Every structure is written in C-alpha cells, then in structure tokens.
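# Fold the following, please.
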Amino acid sequence: MNKKILSLFLLTLISCLALASATFTASPSTLTFSQSVNSTAFTITNTNASELLSVTFNLPSIAGVSFNAPAGTATDINASAPRQFTLSPTTAIDYSKFVLGKIYSGNLYINNSVTPADSQTINVNIQKSFCSSGDRGTNLSLDNVDINNLGDGDETTWKPLDEIEIKVRIDNNNPTDGEKIDVNVEAALYNSNGKEVLDLDRIKLGTIRANDDKTATFFFEVPSDISSGSYKLYVKAYKSGDESNVCTSFFDSSDSKSISVDRYDDDNKQILFKDVSFDITPVKCNEEAALNLRAVNVGDSDQEKVKITLYNKELGVNLYNILTNLDQDDNPENIQFLFTIPQNAEEKVYKFELKSLYSYDDDYKPEDNNAYDDQSDSYYIDLKVEGACASTIPTTVITATLQSDAVAGQQIVVNANVLNSGTSSQAYTIVAAGTETFSTLESIDLQTFTLGAGQSRSVLITLNANDDASGDYTFTIKAISGSTITEQQVSLNVQGKSMPLSGLFGSLQNNWLIWVIVIVNIVLIALIIIIAVKLAKR
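Take a look at the predicted model:
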C-alpha cells in the first residue's frame, strides 16, 4: 500500500516538474486548412528569458495528406522576439476526396530540443468548404439565416413533409457606391456522411449595391423518405460567374447549421396523405368522380400492408385500396378512387373522409379492418356536386292570381300561393320587387312564415296603382328561404282612368275606324226614332 502511495506521489511530482519546466508557448492552438487556405502560420514564444530556445517538429499526417517542415528558423529563439512559422501540405490537397461537414484532424507536436518533455501541441484540421474554392473575399457576408418551419417540427428539428421556409440575407460590404455585385445564393442539406440529401437549387438574387443587402427565400418540402438523424444545412452566396474569387458560406458563427430529422413515432401519424385532389370539381350527377392522392410512410417503421379508405355516407361511397410493402424509404404511393355521383344526389358540397390503417396482423384478411392495429387521423376533402341532378326540381312553387281589377289610381290585390314541395320544413320571407314602375306597395299581409313539407299558404299583396298607370306591367314575387330564392313573375294590364268627352273626341280623331262605328250607331239610332214616331201617329 505504501509503495502505491509513493508511486502516485512520484508521478504527480514529475508532472508538476514537467509543467513547471514549460519554457515556450505556441499559438494559435488550432490551424485549419480549406480550399482557400493552402498554408497557415503559427507563432512560438520563448517564455524563458535566461536561455535561447530551439525546437523540433513532429509533423501530422491527416487522411493521407502529409506536411512540409514548418518554414522558419527553429533555433535560437529569443524571449524578446517571438518567431513565426508556416505550415503547408507537401502537395495540393484534393478536396474531392473529403466529405463536406466532416473535420479531419491531426496534431503538430513542437518539442524543446534540449528537453523533449518540454513540448506544445497544435491541432491541425482539414475541412472542406461549401464554396467550391473555399471562402474567398470579404465583399459578401451572410448576415442572417432564418428558418421557419410551417409543419409539425420546429426551426432545427424537422419532420418528413414539413414545409420549410429559409430566408437568407446577404450584405454587400463594399464601401464604394459603384461596387455592385451580381449575387447567386445556394443551399443544401447534407447527412453525417457528407452526402447531399436535399439540393435547394440556386437563387439568382440579382445585383446588390454597395452597403446594401437583399434577402433570398428558399421554400421546400422535407423529403418523405428522409431518415431520422443529424444533418447540416449549408448556405453560400457568391458573385455570379466568379465563385472562385468571391464566395462566403460562414453564418451564425459557423459554416453550417445543425438540423435533426425525427420521423413520426406517433401511432396515428405513420401514414400521411399528400396532393389530395379531385380531377374535376364540381361534378354533375350520374358522372364519375376521381380522387387522386399520395400515401406516404413518414413513420419509424416499414409497413407490410396499408389499407386506405374513402367514405361519404350521403353519396354511398365506401371504398378502400390496399398497399403492400410501404417502407420508410419508399417514394409516395399514388392512389386513385373512382365512383359515380347518384342521379338523385342533392346539389351541394359533400365532405369525404380519408383514413389509413396499418400495423398489419396476418391473422385476418387484408380487407378486414380488424387486421390493422393502428390508424391515422382522419383527413377531409370537399367535393361540390352540381348539375343534371334529379334533386334540382324546385322545392318551392309560387302561383299568383289577380283578386281585384287593375285600374289606375285604385288598389290592386294579388293572391300569391306559396307551396313547399320539398321534403323538410322551410322558413320563408316574401318580397315583391319591381312594383315601383306602376304602383306603390301598400302591404304584404303575411311576410314571414314557416311551411312543413307539402304545405302551402296564400299571401295577399296589396298595391296602390299610380294615377298615370296604363298598359302592361310585370313585377316579381320572391320567396326567400335561407340562401335559396324562388321567384315568380306576375304580368298584369292596368286600365287607365276614364277621359273627358273632349279628350275622347280628340282620341277618336286618331282612329277613323272608331269614327265609322260611332257614325253608324248614330244613324241607326236616328232611324229607330223616326220609325217609332211614325208608328205612334198611326
């Protein structure tokens, strides 16, 4: 036991002596190589003022890349004069062999030539840039990258089929007004193996003036076949046609943003529907309707069988489609449901219910709902039915009769009979429209009422005919029930007021036939009087 304690004490003492004997420092602690950095410098500082320092280097070898001995004199380093060295690879680095997003590391060891235990370590990294030639130039900067998840996930945690909006603001840092830059922006998502899984294409942002900025907006859907895991979102902005000289991919203190993708593990969200639509809407009665959709496995397990159902009770639609081997990495499965709209369907909007059943149990037939342990939430879609339907026979009928003479300056009474020819009760409001051309509306004796199916009711509409009314007129009786308006046009002839004698003769002058009739009548009357007088004298 005492030997163990003594050994521990000696090791601690040696470590302390080694630390105490450190006579120099090396900075920075990390050197990074990329497409735009072919060599990098570091500084050695002698912290022992009483002695000169000489060092040796133990060079790194990283992913097959070897390095030259650091350029610079490694002997007789004075404490008052820190010395700079340059590290560079022996040959140009082939970045096509490196994975984007992965850091390749090694160590540069620097030893005191006199006391090898007196040493320093610099970490050396090789990192591929999203810019094809590395980050170059200071003209452009990615000032802000804002992610907005419009789906079930959040900014940095995405779900399959989430709709993502990414806004990228690019600044032109040139101080001179005339230094405009024509800018392109690209973005892409890479997995942990450096494989591109989502190319967001290129946005031609156009010209950005000096000391100004513009925002590029990417909008896309997270792929349905994407795996759960960690990803990197990369963005770059570069001068159009000159990416090798002006390109930046650094934002938010990094060259990328970490994104995690989580497939659904909820039992009711394993299968989702996309692009659900009817071929044609509205659809006429007795015509075929076609519903198209895509079934997508967004869950955390493969599905041996999936049953997709479509249901609407009113139209008698109860259909299903069975899919086999719908796996996580499959493309969406296209499905079509076909059915005919009944001839006697009511013209209106119908709501259809879609469901997916999964987690198949082969103890049952695939058609049986009991064969599935889980099902999705319901998805609803509307279809409008309109035209050529038997149910278009009016559900309200109006007839009208004249209850009084139609004479100028007098009251005109019209009896309107309203019949509910539908199959359910309806509440009505009665309106008389267009009466102002020849009269004023005096009253409607019953303006609002309710009729049961098959019932009818008479409504008296009283009008005061204008003094100068004469001739043929029309007005409209309307029965309003909810959003349905039934109209019946009423035609009548209004008899003008009797004219004075002078007016009568003035009128007769304009019609010779009437004059002939009048004269003949006068002659006949005269003859009758003469004959009567003669007979009386006898």
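# Now that residue 453 has come up, it's in contact with residue 419, right?
No. The criterion here is Cβ atoms under 8 Å, and residue 453 misses it with residue 419 at 10.5 Å. (Glycine included, C-beta is placed from N, CA and C.)
# These two - which one has more neighbours?
Higher neighbour count among residue 453 and residue 419: residue 419, with 18 against 12, using other Cβ atoms under 10 Å.
# If that one is in a bridge, with which residues?
residue 397, residue 456 (DSSP bridges).
# Would you confirm that it contacts residue 396?
Yes. Using Cβ under 8 Å, residue 419 is in contact with residue 396, at 6.9 Å.
# Can you tell me the closest non-neighbouring residue to the spatially most central residue of the chain?
Central residue of the chain (Cα atoms, centre = their mean): residue 163, 7.5 Å from the mean position. Excluding its sequence neighbours, the residue lying closest to residue 163 (Cβ to Cβ, 6 or more residues apart in numbering) is residue 150, at 4.3 Å.
# Got the phi and psi for that neighbour?
phi -90, psi 0 (degrees, to the nearest 10).
# residues touching it, list them.
Contact analysis of residue 150 by Cβ atoms under 8 Å, 6 or more residues apart in numbering lists 162, 163, 164, 165.
# okay if I get the residues you listed as CSV plus pLDDT, distance to residue 350 and secondary structure?
As requested, the contacts of residue 150 are arranged in CSV below (pLDDT from 0 to 100; distance: Cβ to Cβ, whole Å; DSSP: H, G, I helix; E, B strand; the rest coil):
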residue, pLDDT, distance to residue 350, secondary structure
162, 95, 30, coil
163, 95, 28, strand
164, 97, 34, strand
165, 97, 34, strand
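# Which parts of the protein are helices?
All helices of the chain, identified by DSSP state H, fall at 2-20, 501-508, 512-537.
# pLDDT of the last one, averaged?
What that stands for is helix 512-537. Mean pLDDT, helix 512-537: 73.
# likewise the shortest one?
Within the predicted structure, the mean pLDDT of helix 501-508 is 45.
# ok, now the first one?
Per-residue pLDDT values over helix 2-20 give a mean of 46.
# And stretch 361-379, by the same measure?
Average pLDDT, stretch 361-379: 95.
# Identify the residues contacting that stretch?
267-273, 276, 304-305, 307, 320, 322, 353-360.
# Over to stretch 519-535?
Contacts of stretch 519-535 (Cβ under 8 Å, 6+ apart): none.
# my read: residue 452 touches residue 420, true?
Yes. Between residue 452 and residue 420 there is a contact under Cβ under 8 Å: 6.7 Å.
# Look at those two and report which has more neighbours.
Neighbour count, other Cβ under 10 Å: between residue 452 and residue 420, residue 420 has more, with 23 against 10.
# Compute the number of surrounding residues for residue 140.
Neighbours around residue 140, by other Cβ under 10 Å: 25.
# same deal with residue 375?
Residue 375, neighbours per other Cβ under 10 Å, totals 18.
# Residue 269 versus that one, what's the distance?
With distances taken as Cβ to Cβ, to the nearest Å, residue 375 is found 11 Å from residue 269.
# Likewise for residue 438?
Residue 438 is 68 Å from residue 269, by Cβ to Cβ.
# more crowded one of the two?
Set residue 438 next to residue 269 and count neighbours by other Cβ under 10 Å: residue 438 wins out with 22 against 18.
# ok, that one - contacts?
465, 466, 469, 473, 494.
# the strands in the stretch 251-400 of the chain, which residues?
Remark: strands assigned in the stretch 251-400 of the chain by DSSP state E, counting those that start in this stretch are 257-261, 271-278, 288-297, 303-312, 317-326, 333-340, 348-360, 372-375, 379-385, 396-402.
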